[in-house]
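Student: Let's see this in three dimensions:
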Amino acid sequence: MNRRRVPPLELLRGFEAAARHRSFTRAAAELHVTQSAVSRQVRRLEAELGVRLFDRRTRALVLTDVGHTYYVEVQRLLDELLEITARVKTRRAATLLRVTTTPTFASLWLIPRLSEFQRRFPNVHVHVVAENALRELERDGYDLAIRYSPRRLAGPGATKLFDERLVPLCAPRLARRGSLRRPEDLDRFTLIHFNDLEGYAPWLSWDVWLAGNGGGRVQGKGALYFSHYDQAMRAALAGQGIALGRVPVVDDLLRDGRLAAPFGEDLAVPLQDRSYWLLQAPAAQPGKAEVLAFRAWLVENAAQSDALSGASRA
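Tutor: Okay, the predicted model is just below:
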């Protein structure tokens with residue numbers, strides 16, 4: 001039998017249900033059709049195959065030997081068809097979006113906001129890869145990149161999300177312990193330093209912040225050094241000292257009161273020509289609805305974050 005002569009699916013479903021229930025009546029109830037409709041489907045199938053599938057006895061429906069063999073195979077094939085259909089529906093419903101960015105941006109800014117994107121777009125599955133290595137979007141299979149760099153290194157077509165400022169931050173209980181009005185007051189506290197081993201970010205240092213506030217010299221009564229910025233933030237959250245916060249990346253920690261800015265915004269130091277940039281893979285332009293949705297959501301949230309920071313500065 002060639003593929004064009006495969007019995008219609010409705011006949012196979014009617015036969016499988018009747019064979020499983022050993023009843024046209026119960027099969028009809030399952031399929032939401034009449035008992036006579038199932039009986040006609042089975043007769044048509046028997047005519048298609050040229051064999052008798054059931055022995056119709058008084059108050060009983062019994063599979064013939066060939067009917068039993070056919071039932072086992074049809075049931076297996078219908079189960080496989082259901083599984084294949086479910087997998088196709090899942091793939092259609094769930095769309096994967098791959099984003100590459102830095103560990104700092106991912107852990108401190110992006111991840112706290114992702115639940116809101118998932119609420120709005122539950123069928124878009126976001127795969128965030130956080131690393132400091134720069135990835136080629138098309139070559140490495142990414143849809144979007146969020147990079148931290150000067151403008152000249154951002155790449156063609158990059159969209160600026162926001163700039164960055166350095167602000168001393170600490171646990172609220174530490175801020176309440178002593179008055180902090182001038183940079184010199186930091187000498188009474190342990191200073192937390194971000195000390196990236198590769199030396200890629202020397203501007204994220206207390207020397208830069210002090211230079212932006214008159215160039216005084218502050219040692220602190222102790223020091224902690226961390227090679228990852230999120231580790232420095234964890235130490236500050238634990239009340240182990242005062243760290244330099246990167247605003248607005250750490251805005252969530254300030255807004256919910258987990259960290260405090262003892263000097264407020266008065267001594268904030270803007271980082272010159274250092275910004276977060278959004279890049280889109282050429283293959284994702286202009287289609288891919290999930291990329292456009294995430295891009296619009298990201299730009300919207302970045303604008304809100306920048307506006308809130310601007311309001312706090314004002």
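
Student: Pop the domain breakdown of the chain in here.
Tutor: 3-92, 95-163+273-313, 164-272 (automatic domain parsing).

Student: Make JSON lines out of the ones you listed and add mean neighbour count and mean pLDDT.
Tutor: Just so you know, the C-beta spots here come from the backbone N, C-alpha and C atoms, and that holds for glycine as well. Output for the domains of the chain, formatted as JSON lines (neighbours: other Cβ atoms under 10 Å; pLDDT from 0 to 100):
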{"stretch": "domain 3-92", "mean neighbour count": "15", "mean pLDDT": "88"}
{"stretch": "domain 95-163+273-313", "mean neighbour count": "16", "mean pLDDT": "87"}
{"stretch": "domain 164-272", "mean neighbour count": "17", "mean pLDDT": "90"}
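
Student: Please identify the residue most distant from the middle of this protein.
Tutor: What lies farthest from the middle of the chain is T58; by Cα atoms, centre = their mean that is 61.2 Å.

Student: I'd like to know how far it sits from L174.
Tutor: Using Cβ to Cβ, to the nearest Å, T58 is found at 89 Å from L174.

Student: Same question for D79.
Tutor: 63 Å.

Student: what's the closest non-adjacent residue to W109?
Tutor: Setting aside the residues directly before and after it, W109 is nearest to V249 in space (Cβ to Cβ, 6 or more residues apart in numbering), at 4.8 Å.

Student: Would you agree that neighbour is in contact with T104?
Tutor: Yes: using Cβ atoms under 8 Å, V249 is in contact with T104, at 6.6 Å.

Student: so when I look at R56, I'm seeing a strand, right?
Tutor: Yes: per DSSP: H, G, I helix; E, B strand; the rest coil, R56 lies within a strand segment.

Student: mind listing the helices for the chain?
Tutor: 9-21, 24-31, 35-49, 65-93, 103-105, 111-120, 137-140, 172-177, 206-211, 229-237, 251-255, 289-313 (DSSP state H).

Student: Name the nearest residue to Q75, ignoring sequence neighbours.
Tutor: E16 (5.5 Å).

Student: quick one, what contacts the one you found?
Tutor: Y71, V74, Q75, L78 (Cβ atoms under 8 Å, 6 or more residues apart in numbering).

Student: how about a cut-off of 10 Å?
Tutor: A27, L31, Y70, Y71, V74, Q75, L77, L78, D79 (Cβ atoms under 10 Å, 6 or more residues apart in numbering).

Student: give me the beta-bridge partners of V269?
Tutor: Note on V269: beta-bridge partners by DSSP bridges are L166.

Student: Hmm, it is touching G215, no?
Tutor: No: using Cβ atoms under 10 Å, V269 makes no contact with G215, being 11.7 Å away.

Student: how much space between the residue lying closest to R217 once chain neighbours are set aside and L110?
Tutor: Among residues not flanking R217 along the chain, L210 sits closest, at 7.3 Å (Cβ to Cβ, 6+ apart). The spacing between L210 and L110, counted by Cβ to Cβ, is 30 Å.

Student: Next: E131.
Tutor: For E131, the distance to L110 - Cβ to Cβ - is 14 Å.

Student: tell me, what's touching those two both at once?
Tutor: Counting by Cβ under 10 Å, 6+ apart, the residues touching both E131 and L110 are T101, T102.

Student: gap between the residue lying closest to E46 once chain neighbours are set aside and N213?
Tutor: Among residues not flanking E46 along the chain, L53 sits closest, at 5.4 Å (Cβ to Cβ, 6+ apart). The spacing between L53 and N213, counted by Cβ to Cβ, is 90 Å.

Student: and if you look at F121?
Tutor: Taken as Cβ to Cβ, the span from F121 to N213 is 43 Å.

Student: next one: L259
Tutor: 19 Å.

Student: could you pull out the strands for the stretch 151-300 of the chain?
Tutor: 159-169, 190-194, 222-226, 243-247, 269-280 (DSSP state E, counting those that start in this stretch).

Student: nearest to L12, of those strands?
Tutor: strand 269-280 (47.4 Å; Cβ to Cβ).

Student: If you count contacts, what does the closest one end up packed against?
Tutor: Contacts defined by 3 or more Cβ pairs under 10 Å, 6 or more residues apart in numbering; DSSP states H and E place strand 269-280 against strand 95-101, strand 144-149, strand 159-169, helix 206-211, strand 243-247, helix 289-313.

Student: Please convert these to CSV, extending it with distance to E116.
Tutor: CSV is the format used below for the helices and strands packed on strand 269-280 (distance: least, Cβ to Cβ, whole Å):
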stretch, distance to E116
strand 95-101, 15
strand 144-149, 17
strand 159-169, 16
helix 206-211, 32
strand 243-247, 20
helix 289-313, 8
